[in-house]
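Asker: sharing a model prediction with you, sequence too.
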Amino acid sequence: MKSTKRTIIIGGAIVFVAAFAYLLSGRIGGNLVYFYTPSELLAQGTKAYDAPLRLGGMVVPGSVKWDAASVDLRFVMQDGQAQVPVHSHGAPPQMFRDGIGVVVEGKYTPAGTFEATNLLVKHSNEYRPPKPGQMPQEMYKSLIKGGN
């Protein structure tokens, strides 16, 4: 009876150690989702065309062109070294604006435009609750005006 219990415990420990070693060896990296910067995307050359990927960077101030009638959004994304024009069909997130960090999912076309199917706005990880008596809507307005 004791040898059966010992065998089960040893077998479980071996499975646990093997699973942990598998995760440490980097096999989990295939499930992580990364994004390219505009510089990295352009460095890929023609290999980047029509491949599904993510692109992250900052929206160039003054480049946003939004047509609400056709739900068409165009802007330029930069990383400080390179710029890539982005086209998205659909309403942008509420916090989208000039100078904000964004991540777009889609494909880079041979025409030199990134055709986005999804647009994600990067925001601060800092959470500050409203002060006593302050309405959350007031706080949201200050975030947009202050760019924090």
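Answerer: Cool, got the structure.
Asker: domain assignment for this protein?
Answerer: Domain ranges of the chain: 1-32, 34-121, per automatic domain parsing.
Asker: what's the mean pLDDT across the shortest one?
Answerer: Domain 1-32 shows a mean pLDDT of 77 in the predicted model.
Asker: single out the most deeply packed of the domains of the chain.
Answerer: The highest average neighbour count among those, using mean count of other Cβ atoms under 10 Å, belongs to domain 34-121 at a mean of 16. (C-beta placed from N, C-alpha, C; glycine too.)
Asker: span of it from start to end?
Answerer: 15 Å (Cα to Cα, to the nearest Å).
Asker: quick one, longest helix in this structure?
Answerer: helix 2-24 (DSSP state H).
Asker: centre of the chain versus it, how much separation?
Answerer: From the chain centre to the centre of helix 2-24 is a distance of 37 Å (Cα atoms, centre = their mean, to the nearest Å).
Asker: name the helices or strands packed onto the very next helix or strand once past that helix?
Answerer: With elements assigned by DSSP states H and E, the helix or strand that comes after helix 2-24 is helix 38-43. The contact analysis (3 or more Cβ pairs under 8 Å, 6 or more residues apart in numbering; DSSP states H and E) places helix 38-43 against strand 53-59, strand 83-89.
Asker: sec struct for the spatially most central residue of the chain, please.
Answerer: By Cα atoms, centre = their mean, the chain has its centre lying nearest to residue 103, at 4.1 Å. Of the three states, residue 103 takes strand under DSSP: H, G, I helix; E, B strand; the rest coil.
Asker: that one and residue 3, how far apart?
Answerer: According to Cβ to Cβ, to the nearest Å, residue 103 stands 55 Å off from residue 3.
Asker: using CSV, lay out the helices and strands packed on helix 38-43 together with distance to residue 13.
Answerer: As requested, those are exported to CSV (distance: least, Cβ to Cβ, whole Å):
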stretch, distance to residue 13
strand 53-59, 39
strand 83-89, 50
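Asker: those strands: which one's closest to residue 131?
Answerer: The closest of the helices and strands packed on helix 38-43 to residue 131 is strand 53-59. By Cβ to Cβ, the value is 29.8 Å.
Asker: quick one: average pLDDT of the closest one?
Answerer: Per-residue pLDDT values over strand 53-59 give a mean of 93.
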